[in-house]
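> Dropping a prediction and its sequence here:
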Amino acid sequence: MNKTRIKDMTEGNPLQLIFTFALPIFLGNIFQQLYNVLDTMIAGYNLGDNALAAIGATSAIYSLIIGMANGMNNGYSIIVARSYGEKNMEKLRHSVGVMLILNVITALLFTLLSCIFIMPILKLLNTPPEIIKDAYEFIIIILLGITSTILYNMEAGVLRALGNSKTPLVFLIISLFFNLAMDLIFVVIMHGGVWSTALATVLSEVLSVILCFIHIVKYYPELKLSKKHFHFDKELIIEMFTTGLSMGLMSSIFALGTVILQGSINSLGKATITAHLAARKLDEMLMLPLSTLVTANATFVGQNYGAKKINRIREGIKKTCILGFIWATFCVLIAYTAAPILTKALTGTSDSYITNMAAKYLRINLPFFYVLHILLVLRTSLQGIGRKIAPLISSSIEMIGKFAAVLWLVPKLGYLGVCIVEPILWVLCTLFLLSTFFKIEKDFEKLKIS
């Protein structure tokens, strides 16, 4: 087995393992968000506020579809991680074969559905008439390239399940520099519209898929698949599909709630759409360390559950929470000292309404990162130990809550209603998952504890 490129997380210091595994993912996400910021700045400075509003009007739709696809891959990767924890390499290879089949089917299905339903959805979400053409062109190009996005996330997910978070970072950085170069060529030099930024993104995803595939073939002989690894195994397919579907639904239900909420935001006007886009971009950037720690914890839990090392799972969860709380404290300081300045730098706008609304969102939202981190850790940990229903229920609570916000909070409170709905829902969902987690603690004793 390739010890230099596969990390066994069932041995060693949990804090050190989680931190060192999360660091490359964090750096990769930083580069991803840095690109997103530069992409927004290129669009804002060269194409104007309407372009930003068009991109912002589609962000929730993109999150819904990509969240479903990537969430399913995260679920599949948990099975790969468990197989490695069990040291069952044949099951690992078979899992990767099933993972590939499921991803190809998913990509084809999503591409077809996107072509049929995107324009009706944009109209349903009250997208302003003056930006709906640009919004459609942007999102349809992104979604026509969804196959490359799904395949890259599959490849990266397999590598991370084996404890390798460094290689996906390298290829991500390469693809992001390529993406930025294409943006500059298409937008600044060739004066393309919003659609050209989407095309640059798709081309960079294709590059990352190719690079990652070549690397796996060259350096991971243990992942070399043969015809037998694609044969029908009802038990494994059900295990992978249900885990993947649970993770995918968890992501998409959350995103569906955001799509619903986006409809209310769109009805508040272009300035509010732009303010919310800026706030969400900054919010997502500051959320990166939390999401990377959660990703690392998911691999840690998956491998150790496969190895039946339950005490290590408990310790890993505690250490992940501590690291997240440290970062949440830094985010709160940022929100109350630099939010308007960061918003202005991001969008290039001189509109005080936009900067003030974005700052309001961040100052309400970021202090609840402490709660959000616990919520995310519990969701992925429960998935890692095969508990699929409770995380799905918690995501459903979020979706229902956002429906309620559209019906009551936003009409009565305006953008303030948008700002407060997620923190309220995070608290409710965290309380639910904590009660679930404590109830199943006694089930751990049925396993061999080490």
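Alright, I've got the coordinates.
> OK, contacts around the residue lying closest to residue 50 once chain neighbours are set aside?
If you skip the residues right next to it in sequence, residue 50 has residue 131 as its closest partner in space, 5.5 Å away by C-beta to C-beta, 6 or more residues apart in numbering. For every residue, glycine as well, the C-beta is placed using N, CA and C. Contacts of residue 131 were listed using C-beta atoms under 8 Å, 6 or more residues apart in numbering, and they are 50, 53, 54, 57, 270.
> Out of these, flag the one nearest to residue 264.
Checking the contacts of residue 131 against residue 264 by C-beta to C-beta gives residue 57 as the nearest, at 12.2 Å.
> Just the element for the spatially most central residue of the chain, please.
Centroid-nearest residue in the chain, with C-alpha atoms, centre = their mean: residue 67, separated by 6.1 Å. Element membership for residue 67 (DSSP states H and E) is helix 49-85.
> do the same with residue 150
helix 146-161.
> pLDDT (mean, whole number) over the following helix or strand past that helix?
Per DSSP H and E, the first helix or strand lying C-terminal to helix 146-161 is helix 166-183. Mean per-residue pLDDT for helix 166-183: 85.
> could you point out which element follows helix 166-183?
As the chain continues past helix 166-183, the following element, by DSSP H and E, is helix 194-219.
> Please compute how far stretch 426-437 lies from its chain's middle.
Chain-centre distance of stretch 426-437: 21 Å, with C-alpha atoms, centre = their mean, to the nearest Å.
> Name the residues of it that are buried.
If you call a residue buried by 16 or more other C-beta atoms under 10 Å, then stretch 426-437 has these buried ones: 426, 429, 430, 432, 433, 436, 437.
> Among the residues you listed, which one sits closest to residue 201?
Taking C-beta to C-beta as the measure, residue 201 sits nearest to residue 426 out of these, at 29.4 Å.
> ok, now which ones touch that closest one?
By C-beta under 8 Å, 6+ apart, the residues touching residue 426 are 368, 371, 372, 375.
> Just among those, which is most surrounded?
Among the contacts of residue 426, the one with the most neighbours (other C-beta atoms under 10 Å) is residue 375, at 26 neighbours.
> ok so, going back, let me know the angle separating the helix holding residue 67 from helix 146-161.
Interaxial angle, helix 49-85 versus helix 146-161 (axes from the mean of the first three to the mean of the last three C-alpha atoms, to 10 degrees): 40 degrees.
> Now do helix 49-85: which elements does it pack against?
Identification of packing neighbours for helix 49-85 by 3 or more C-beta pairs under 8 Å, 6 or more residues apart in numbering; DSSP states H and E yields helix 14-47, helix 89-124, helix 129-144, helix 146-161, helix 194-219, helix 234-266, helix 270-306, helix 369-384.
> Let's see that with 6 Å instead.
helix 14-47, helix 89-124, helix 129-144, helix 146-161, helix 234-266, helix 270-306 (3 or more C-beta pairs under 6 Å, 6 or more residues apart in numbering; DSSP states H and E).
> okay, the angle between it and helix 270-306?
0 degrees.
> and helix 49-85, how far from the chain's centre?
For helix 49-85, the distance to the chain centre is 5 Å (C-alpha atoms, centre = their mean).
> again, but for stretch 423-437
20 Å.
> For that stretch, give the mean pLDDT please.
For stretch 423-437, the mean per-residue pLDDT is 91.
> cool, stretch 328-336 as well?
Stretch 328-336 shows a mean pLDDT of 92 in the predicted model.
> Just the residues contacting it, thanks.
Counting by C-beta atoms under 6 Å, 6 or more residues apart in numbering, the neighbours of stretch 328-336 from elsewhere in the structure are 286, 362, 363, 366, 367, 369, 370.
> Going by distance to residue 321, which of these wins?
The nearest member of the contacts of stretch 328-336 to residue 321, counting by C-beta to C-beta, is residue 370 at 9.2 Å.
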